[in-house]
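**Q** here is my input; please provide its structure:
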Amino acid sequence: MISSTRAHQLRGAKHVVVFTGAGASAESGIPTFRDALTGLWEHFDPAKLATSDAYRDDPALCWGWYEWRRHKVVKAQPNEAHRAIADLAKRVPKLTVVTQNVDDLHERAGSQDVIHLHGSLHSPRCIDCGKAYTLPFTPEALPEDGSRIDPPRCTACHGYVRPGVVWFGEMLPEDAWSAGLAAAEECDVFLSIGTSGVVYPAAELPLRALGHGATVVHINPVRFDISGREHFLQGPASVLMQGLLSEAFGDLSAQ
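**A** Numbers count the residues shown, from 1 in each chain. Now for the predicted structure:
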């Protein structure tokens with residue numbers, strides 16, 4: 001059940017930040033790092049494939065893993081949570097979308113200027129010189145259980161092309177992090193959707209928002225500990241975001 005108080009706060013907000021994690025895309029069928037994997041990938045810890053050292057040790061294995069993930073993203077469709085977030089931009093004076101996800105589902109749902117804290121599967125670059133590399137939007141058909149794939153080579157230095165995501169041990173993109181922090185400190189409502197707040201430094205954003213006086217609402221199917229000043233809506237993001245917008249702004253289908 002959506003609290004009328006939360007809906008009232010959203011309706012009166014001047015700047016809303018929506019902060020999303022893996023749970024927001026899981027409803028679109030995109031596996032998270034915590035999901036059980038099959039085929040080739042069941043023999044590997046995904047976290048150990050997401051490092052620079054792992055990539056240099058076995059480029060074909062890591063590139064195959066990331067191309068498998070990109071293929072999943074391309075086949076997936078935005079869910080109702082993504083669409084509700086895009087719709088929210090039409091109903092509040094300012095909306096900033098900050099995501100930890102490396103897919104493009106927010107953009108395909110209609111959100112603009114999304115801040116990607118952890119990079120994107122669709123923005124690869126050379127591991128040596130950093131030159132951007134353009135991949136076909138639709139990857140070639142891949143076996144469902146995964147495969148090793150030799151990565152392409154950079155057209156400038158012939159180095160291996162790496163995924164455009166932030167690996168463990170790497171810094172977040174400076175521009176994205178600065179923009180996310182500024183938005184968290186300026187907003188009056190902060191919606192944290194599908195993230196349990198355990199991955200730092202991204203998990204600092206709701207704390208920054210809370211420290212600057214914002215109403216912080218966590219939306220997640222699994223309850224976790226929060227401070228007494230925060231709020232929790234437990235359930236699927238697609239259902240709760242639609243309900244929150246409907247409660248705050250009335251019959252969305254009639255507008």
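**Q** where does this protein have its least confident helix or strand?
**A** helix 46-49 (a mean of 82; mean pLDDT, DSSP states H and E).
**Q** from the chain's centroid, how far away is that one?
**A** Distance of helix 46-49 from the chain centroid (CA atoms, centre = their mean, to the nearest Å) equals 18 Å.
**Q** only C-alpha atoms, please: export it in CSV.
**A** The C-alpha trace of helix 46-49 is given here as CSV (Å, rounded to 0.1, in the frame of the first residue of the first chain):
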residue,chain,number,x,y,z
PRO,A,46,30.8,-13.2,-12.1
ALA,A,47,32.6,-10.8,-9.7
LYS,A,48,35.9,-12.4,-10.7
LEU,A,49,35.2,-11.7,-14.3
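**Q** buried sites along that helix?
**A** By 16 or more other CB atoms under 10 Å, the buried positions in helix 46-49 come out as L49. All C-beta atoms are positioned from the backbone trio N, CA, C, and that covers glycine.
**Q** ok, now stretch 150-159?
**A** Across stretch 150-159, burial judged by 16+ other CB under 10 Å covers P151, C154, G159.
**Q** what are the ranges of the strands in the stretch 101-250 of the chain?
**A** Assigned by DSSP state E, counting those that start in this stretch, the stretch 101-250 of the chain shows strands spanning 115-116, 119-126, 161-165, 189-193, 215-220, 231-234.
**Q** about what we covered before: remind me what the least confident helix or strand of the chain packs against, helices and strands.
**A** Applying 3 or more CB pairs under 8 Å, 6 or more residues apart in numbering; DSSP states H and E, one finds that helix 46-49 contacts helix 59-75.
**Q** identify the residues contacting the next helix or strand after the helix it packs on?
**A** Downstream of helix 59-75, the next assigned helix or strand under DSSP states H and E is helix 80-88. If you take CB atoms under 8 Å, 6 or more residues apart in numbering as the criterion, helix 80-88 is touched by 16, 18, 20, 24, 27-28, 95, 97, 105-106, 108-111, 193-194, 236-239, 241-242, 244-245, 252.
**Q** I149: neighbour count?
**A** Neighbour count of I149, defined by other CB atoms under 10 Å: 19.
**Q** contacts only, for it.
**A** Contacts of I149 by CB under 8 Å, 6+ apart are A60, W63, G64, E67, L142.
**Q** not counting sequence-adjacent ones, nearest residue to it?
**A** Closest residue to I149 apart from its sequence neighbours, by CB to CB, 6 or more residues apart in numbering: G64 at 4.1 Å.
**Q** next up, phi/psi of the residue nearest to the spatial centre of the chain, please.
**A** Among the residues of the chain, the one closest to the centroid is N101, at 2.1 Å (CA atoms, centre = their mean). Main-chain torsions, N101, degrees, to the nearest 10: phi -80, psi 150.
**Q** tell me the SS of the closest residue to it other than its chain neighbours?
**A** Excluding the flanking residues, the one nearest N101 by CB to CB, 6+ apart is S25, at 5.2 Å. Put simply, S25 is helix when judged by DSSP: H, G, I helix; E, B strand; the rest coil.
**Q** got the domain ranges for this structure?
**A** Using automatic domain parsing, the domain parsing of the chain gives 1-30+78-118+172-255, 31-75+121-165.
**Q** quick check, distance from the first one to the centre of its chain.
**A** Put simply, domain 1-30+78-118+172-255 sits 11 Å off its chain's centre (CA atoms, centre = their mean).
**Q** chain center to stretch 16-35: distance?
**A** Counting by CA atoms, centre = their mean, stretch 16-35 comes out at 6 Å from the chain centroid.
**Q** distance of A109 from R91?
**A** Per CB to CB, to the nearest Å, A109 is found 15 Å from R91.
**Q** who has more neighbours, the two?
**A** When A109 and R91 are compared on other CB under 10 Å, the one with more neighbours turns out to be A109, at 21 against 17.
**Q** what mean pLDDT does the helix or strand hosting Q9 get?
**A** Assigned by DSSP H and E, Q9 falls within helix 4-11. Averaging pLDDT along helix 4-11 gives 84.
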